[in-house]
Each structure stands twice: as C-alpha cells, then as structure tokens.
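> just a sequence and a predicted model for now, questions to come.
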Amino acid sequence: MTPTVAPYPLARSRRLRRTPWLRDMVAENRLHVADLIWPIFVRAGDGVEEPIAAMPGVARMSLDRAVAAARQAAGLGIRCMALFPYTDVALKTPGAEEAWNPDNLVNRATAAIKSAVPDMGIMLDVALDPYNSDGHDGIMRNGVVVNDETLDCLVKQALVQAEAGADILGPSDMMDGRIGAIRRALEAEGRQDVAIMSYAAKYASAFYGPFRDAVGAGALLKGDKKTYQMDPANSDEALREVARDIAEGADMVMVKPGMPYLDICSRVKRQFGVPTFAYQVSGEYAMIMAAAQNGWLDGDRAMVESLLAFKRAGCDGVLTYFAPRIAKWLQA
Ligand code: PBG
C-alpha cells in the first residue's frame, strides 16, 4: 500500500502529535494485559524466593510463593502464566525421566495454581532440558541429540502436563515432528482441548543465558543447541518451520527470541495469519534491567517501547518477564 500524503504545508505530521489525547487517539497499536503471558520459575521448598542474579526482580519461587504470585497476577489482570522448573540436580538423568513424573514441580505447581486461582491459564514447556543431565532439550546418544527417541519422551511429558491441568503446551525443543506426535497423542487420550503454542521459529541464541541459569541447565549444557535450534542467519526457514507446525496441529506459533527477530514475527503474521506470539527472553529482559539499574536507560520507557514493538510487528501477544510490571504500569 502506498500511503497518500498531501504535500507540506497542507499536511503537517505534527498536528496529530500536539497533545497526549491526540497521540493516543491515532495510536495504531496498544498494549493490553490480556495479551501477556508471564513466565515464572518454580523450585522445591516452602516460603522460598531465590533471586536470579542476571534477572533482577525475578526469583525462583517455592510452590506456596508461586500460588501467591498467581493470585497477585490475577489481581493485576494477568490471565496466563508459563511455569518453568528449577529441578534438583539429583533428579536430572541422561534419560530425563523426571519430565514425565506426574508429581514433578511444574505439574504440582499447575495443580496448586489451578486450585487456588481456577481462571488462571497455565502454559507448560515441552522439552527435556530442565530434567536432562546433559542440559539438552532431547536425549543424547554418542554425543548426538537423537530426534525420534526424544519424540517418545516429549509425548509422555505432554500427556502428564495435560493431566495436571495445563491449558497450553509449548513444545520448545525444536525436534522434527514433535507437534504432530504430541497432537495425535492428545487426541488419542481425550485431551483434544489442550492448545499447542509451538516454539516454531526458535533460534540458537545467546539471549537464553540467564534462563539456563534460572532452570539450572546452563552449567550442565554440553556444547550448544545448534543442531536443533535455528541459525540466526535464516528467515525463509522460519516460514517453513511455522508452516509445518501449523500443518501438524499447532494452534498458535511463537517466535523466539523476540526483539532481535521482529522481522520474523512480521513475516509469520503476514504470511499465515495465525495467532502469533513472541517470547521476550531472559537476555532481553536482562539487557533492559541492567541498563536501567545503571541509570543508562529509563527502565519503564524501555519496557513499554520494547513491548509495543511486538504489537507493531503483528504479534497477538508476548511472553515477558515484565508482565506484572507492565500490568501495573497499564493500571496507573
Ligand atoms: C527450553 C527453553 C529455553 C527457553 C525457554 N524454554 C532455553 C533454551 O532453549 O535453551 C528460554 C527462555 C528465556 O531465555 O527466557 N527449551
């Protein structure tokens, strides 16, 4: 579309920028709390909140604290949370069996939050890295992350998560064929209403560093994830990944990380018109928070601007550690 613009001085762009109400009236995009998914980290214990060094304001919470956080979030209008486990290293194995333990941390947290705040939506990651002693998203055999064997594990993990009450499953592992395998299993087990938000275009990114520490996978990780996560150089490939995940039964797709990949968000939304999300990942949060804490950026303004960028790129919503803070900002 070629915009029609009168020549100066008939058109003066500054006329509609003159006052806050005019600017707001013509704003093309708006942040809304209903678009947010708040990722949190859960851990064992009682009454524990353990700060994560590289994520100021974010802590690993024991289940009682996670339930309290869910209540607070609901009070702020937040409708959905994503739960990630900090798994005791003693429970991490090469086979990642803890991933499909019905009583593992995220499954217990899901049940606890659902019983305390029944309307809170719960999203759970499907991937083995919090449970795998190698720190990888799949099973390792002779130094290789094996695809098809991993699929069987992911299916078992997905089914117990559905059983625990998860509303949305987020396969974040980037194995081939995982969406189809999980979708078929959910159908076969009468879990047809569980939604899948696939981490469809997930890049092998440096920006996940603080998250890996938060779930205790960083120090364990052998090598990198480049044989399954995408090459940051690629963009057409992201469209193929998204097309395939939709064809296999994903209800929503995600681009991850967010800010460095806004071009991908935009292409995906334009081409497919499906519910499209971005994950503003741990490293993106860390950058803004670190600069703000040093007095180098205005943290609130940087937060708002970064989140608006996702809306402008066409995203329907965003997973962000800023969720409670932006929710408060929106209420103010
Ligand atoms: C696990 C997973 C990761 C993130 C979400 N799920 C890390 C990774 O793939 O190594 C990153 C989230 C963040 O950085 O905030 N598969």
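Yes, it's here.
> CA atoms for contacts and neighbours, from now on please.
Will do.
> can you map out the helices along this protein?
Assigned by DSSP state H, the chain shows helices spanning 20-25, 63-75, 105-116, 147-164, 178-188, 209-214, 236-247, 262-272, 282-293, 299-312, 323-331.
> in CSV: those, plus mean pLDDT, distance to the ligand and mean neighbour count.
What follows is those, written out as CSV (pLDDT from 0 to 100; distance: least, Cα to the nearest ligand atom, whole Å; neighbours: other Cα atoms under 10 Å):
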stretch, mean pLDDT, distance to the ligand, mean neighbour count
helix 20-25, 98, 31, 12
helix 63-75, 98, 18, 19
helix 105-116, 98, 13, 21
helix 147-164, 98, 12, 20
helix 178-188, 98, 13, 19
helix 209-214, 93, 4, 20
helix 236-247, 98, 16, 18
helix 262-272, 98, 16, 19
helix 282-293, 98, 4, 18
helix 299-312, 98, 15, 17
helix 323-331, 98, 13, 17
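> TSV for the ones you listed, including distance to Pro9?
Output for these, formatted as TSV (distance: least, Cα to Cα, whole Å):
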stretch	distance to Pro9
helix 20-25	19
helix 63-75	49
helix 105-116	58
helix 147-164	61
helix 178-188	55
helix 209-214	51
helix 236-247	42
helix 262-272	33
helix 282-293	39
helix 299-312	28
helix 323-331	36
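> out of those, which comes closest to Leu31?
Leu31 lies closest to helix 299-312 among the helices of the chain, at 6.5 Å (Cα to Cα).
> which one of the helices of the chain lies nearest to Pro39?
Evaluated with Cα to Cα, these place helix 323-331 nearest to Pro39, the distance being 8.3 Å.
> let me see the contact set for Thr93.
131-134 (Cα atoms under 8 Å, 6 or more residues apart in numbering).
> most surrounded residue in these?
When neighbours are taken as other Cα atoms under 10 Å, the top entry among the contacts of Thr93 is Tyr131 (30 neighbours).
> the nearest residue to Ile179 once chain neighbours are set aside: how many residues sit nearby?
Residue nearest to Ile179 in three dimensions, not counting chain neighbours: Glu248, with 5.7 Å by Cα to Cα, 6 or more residues apart in numbering. By other Cα under 10 Å, 17 other residues sit near Glu248.
> could you pull up phi and psi at Glu248?
Glu248 adopts backbone torsions of phi -90, psi 0, taken as degrees, to the nearest 10.
> can you give me the pLDDT of it?
With respect to pLDDT, Glu248 scores 98.
> what does Lys225 give?
On the pLDDT scale, Lys225 is placed at 97.
> from here on, count from 467
Will do, 467 is the new start, and the previous item becomes Lys691.
> could you report the neighbour count for the closest residue to the ligand within the stretch 517-666 of the chain?
With Cα to the nearest ligand atom as the measure, Ser638 is the residue of the stretch 517-666 of the chain nearest to the ligand, at 4.7 Å. Ser638 has 23 neighbours, counted by other Cα under 10 Å.
> quick one: it from Asp766, how far?
29 Å (Cα to Cα, to the nearest Å).
> equivalent analysis for Ala477, please.
Separation of Ala477 from Asp766 (Cα to Cα): 33 Å.
> now do Glu714
Taking Cα to Cα, one finds Glu714 at 39 Å from Asp766.
> nearest to Thr468, out of the helices of the chain?
helix 728-738 (17.2 Å).
> got a list of what the residue of the stretch 567-716 of the chain found nearest the ligand touches?
The ligand sits closest to Tyr674 of the stretch 567-716 of the chain, with a gap of 3.4 Å, by Cα to the nearest ligand atom. By Cα under 8 Å, 6+ apart, the residues touching Tyr674 are 747-749.
> can you tell me which of those residues lies closest to Val514?
Closest to Val514, out of all of those and judged by Cα to Cα, is Ser748, at 21.1 Å.
> surely the closest one touches Ser671?
No: Ser748 lies out of contact with Ser671 (Cα atoms under 8 Å); the separation is 10.9 Å.
> need the contact list for Ile754.
So Ile754 contacts 763, 765, 768-769 (Cα under 8 Å, 6+ apart).
> farthest-separated two in those?
By the measure Cα to Cα, Leu763 and Met769 form the most distant pair in the contacts of Ile754, at 10.0 Å.
> I'd like to know the average pLDDT value across stretch 511-518.
97.
> and it, how far apart are its ends?
So stretch 511-518: terminal residues 16 Å apart, Cα to Cα.
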